[in-house]
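In: For reference, the sequence and a predicted model appear below.
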Amino acid sequence: MVQKIIGLGVPDKGNGDPLRTAFSKVNDNFTELYNSVSAVVVTGATAPTGPEEGSLWWNSESGRMYVYYGTSWVDASPVDGAGINSTNELVNGAHTVSLGSTGIITLPNSSYLESTDTNLKVGAQGTVTIRSNAELSGTTRSWEFGRQGTIATPLMLPTTFTAVLDNAHRTVGDAISGTPWQYTVAFVVGPGGAVETQIDNPDWPTNPGYSPGDEFEFTEEDHGIPGFIFAVTINGFSEIPGTGFLVVIGVTPPPEYPSTVSSLGAIKLSANTSDWVFDPNGSLYYPDATVQTTAYVAPTTGNAVISSQSSITISRNGMTIKITEAGVVQMSFDSIIDIRGRSSINNAGSTTIATPNGDTVIGTWYNISTALAVGDQLVSTIMDSSFHNVYRITVLIREQDTTPGVEFTTAYAIIEQLQ
């Protein structure tokens, strides 16, 4: 409706609109205004009927505002191109950033934060946490930057999981049709980062259909270790009356201890004006730039273990380390060199190695410790005066049996060349 104007006429002539006509125009104008205001506040799950152009409607279900334009209701703030919608999502084309009710901002795939300036800052009054692998249940990794400037990296090892030998994990063999066997698998970390597999082996009352040679594989989704596949093989089993099935299983080697700091080039650690540099060949350069050390683990068996049970030794530059059944650590050399050294057990005061303390005899075994027990740690420093090398030998007794006839000792051992 076009606004109706009251005709006032000429003063004192009596030629304006009659009083009834004037108030009729007033009523018509107020009715127009009333209808317009009423349209603004229309709220409901369905669109109002009989709207006029410019009427507004708030959809109580979608939380969207619409305006009546032409012959239809039109969204008052469309987000098909760019904008913020009612579900707290920032939309730009095919990319959506959402803000959850817990305050978590979710970015679209392959997104990253970028600053057009030279600096990008992420701050908090407390700890700043960065997480990854959130899509895999139970395997979220977190890096925490503490208030004091410390960085805590995620710990993937040690870890424990249950290996269920079901059809979903089977790679070799026929399907089973009963309650599957399952094993608790633990990857534990020993000295020097050596990872060891520990697995229980209970007796099972029934066999749901397994055969020797059946194989099963477990991935990151099972144990949480990226890129590692753990396989279990049923090598054989026997049924013991009244007990159940005694199973012999084989497993793949454990995962390597992961790097918490990794680089394709050198790694440099700095404290104030002092720097420690690990170069790609394994050397460590100290702040005074006068000493470098090359840590070395060279077991002949592919692991950092020595044992009297199967004569497992480790060697470095012609020096070989072994352990006796009684737990005595010995060394021998494949050439004649001038040797000096000291040993310490369980961080006690060091003592001079009794022999050779002079020229070695090829193939002769020299004691560098007394008899050690489970849990004892030996640290020996050996100086090769002939070639100006210094070595540190670390041995930790892992297992020992003193039963007559079956005596043996097993230990972790590392040889490091200090200079």
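Out: Arrived safely, thanks for sending. Numbers count the residues shown, from 1 in each chain.

In: any low-confidence regions in the stretch 51-200 of the chain?
Out: 78-88, 133-139 (pLDDT under 70).

In: how far away is residue 46 from residue 56?
Out: In this view, residue 46 and residue 56 are 15 Å apart by Cβ to Cβ, to the nearest Å. (Glycine included, C-beta is placed from N, CA and C.)

In: Go through stretch 71-78 and flag the buried ones.
Out: residue 73 (16 or more other Cβ atoms under 10 Å).

In: Tabulate the CA atom coordinates of that stretch in CSV.
Out: Extracted C-alpha coordinates of stretch 71-78, given in CSV (Å, rounded to 0.1, in the frame of the first residue of the first chain):
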residue,chain,number,x,y,z
THR,A,71,7.2,-15.1,-4.8
SER,A,72,9.4,-17.1,-2.3
TRP,A,73,11.2,-17.1,0.9
VAL,A,74,15.0,-16.4,0.4
ASP,A,75,17.7,-17.1,3.0
ALA,A,76,18.8,-13.7,4.4
SER,A,77,22.4,-14.8,4.9
PRO,A,78,23.3,-17.6,2.5
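
In: thinking again about what came up before, residue 46 and residue 56: which has the busier surroundings?
Out: Neighbours per residue (other Cβ atoms under 10 Å) separate residue 46 from residue 56, with residue 56 holding more: 19 against 9.

In: The more buried one and residue 42 touch, don't they?
Out: Yes: counting by Cβ atoms under 8 Å, residue 56 does reach residue 42; the two are 6.8 Å apart.

In: So which residues of this protein form helices?
Out: Secondary structure of the chain (DSSP state H): helices at 19-40, 220-223.

In: separation between residue 340 and residue 366?
Out: Counting by Cβ to Cβ - residue 340 and residue 366 are separated by 12 Å.

In: joint contacts of those two?
Out: Shared between the contact lists of residue 340 and residue 366 (criterion: Cβ atoms under 8 Å, 6 or more residues apart in numbering) are residues residue 353.

In: correct me, but residue 334 touches residue 361?
Out: No: counting by Cβ under 8 Å, residue 334 does not reach residue 361; the two are 11.1 Å apart.

In: pretty sure residue 205 contacts residue 244?
Out: Yes: the pair residue 205 / residue 244 is scored as a contact, 4.4 Å apart, by Cβ under 8 Å.

In: Mind checking which of the two has more residues around it?
Out: residue 244 (15 against 9).

In: give the contact list for that one.
Out: For residue 244, the contact set (Cβ under 8 Å, 6+ apart) comprises 203, 204, 205, 206.

In: And for the closest residue in space to residue 179 that isn't next to it in sequence, the neighbour number?
Out: Once flanking residues are discounted, residue 179 sits nearest to residue 208: 6.0 Å by Cβ to Cβ, 6 or more residues apart in numbering. Neighbourhood size, residue 208 [other Cβ under 10 Å]: 15.

In: what does the one 5 residues further on give?
Out: For residue 213, the number of neighbouring residues by other Cβ under 10 Å comes to 11.

In: how about it, what does it touch?
Out: 172, 173, 233, 234, 235.

In: Neighbour-wise, which one of these leads?
Out: Counting neighbours by other Cβ under 10 Å, residue 234 comes out on top of these with 20 neighbours.

In: Might you report the residue contacts of the closest residue in space to it that isn't next to it in sequence?
Out: In this structure, residue 234 finds its nearest non-sequential neighbour in residue 214, 4.6 Å apart by Cβ to Cβ, 6+ apart. Counting by Cβ under 8 Å, 6+ apart, residue 214 makes contact with 165, 170, 172, 173, 174, 233, 234.

In: count of residues packed around the first one?
Out: I take that to be residue 165. Using other Cβ under 10 Å, residue 165 has 23 other residues around it.

In: Test my guess that it contacts residue 180.
Out: Yes: between residue 165 and residue 180 a contact is recorded at 5.0 Å, counting by Cβ under 8 Å.

In: what touches both of those two?
Out: Counting by Cβ under 8 Å, 6+ apart, nothing touches both residue 165 and residue 180.

In: Any idea what the residue most central in space within the chain is bridged to?
Out: Central residue of the chain (Cα atoms, centre = their mean): residue 141, 3.3 Å from the mean position. Note on residue 141: beta-bridge partners residue 132, judged by DSSP bridges.

In: Am I right that it is in contact with residue 156?
Out: Yes: using Cβ under 8 Å, residue 141 is in contact with residue 156, at 7.5 Å.

In: tell me which residues of stretch 187-195 are tucked away?
Out: Per 16+ other Cβ under 10 Å, stretch 187-195 contains these buried residues: 187, 190, 194, 195.
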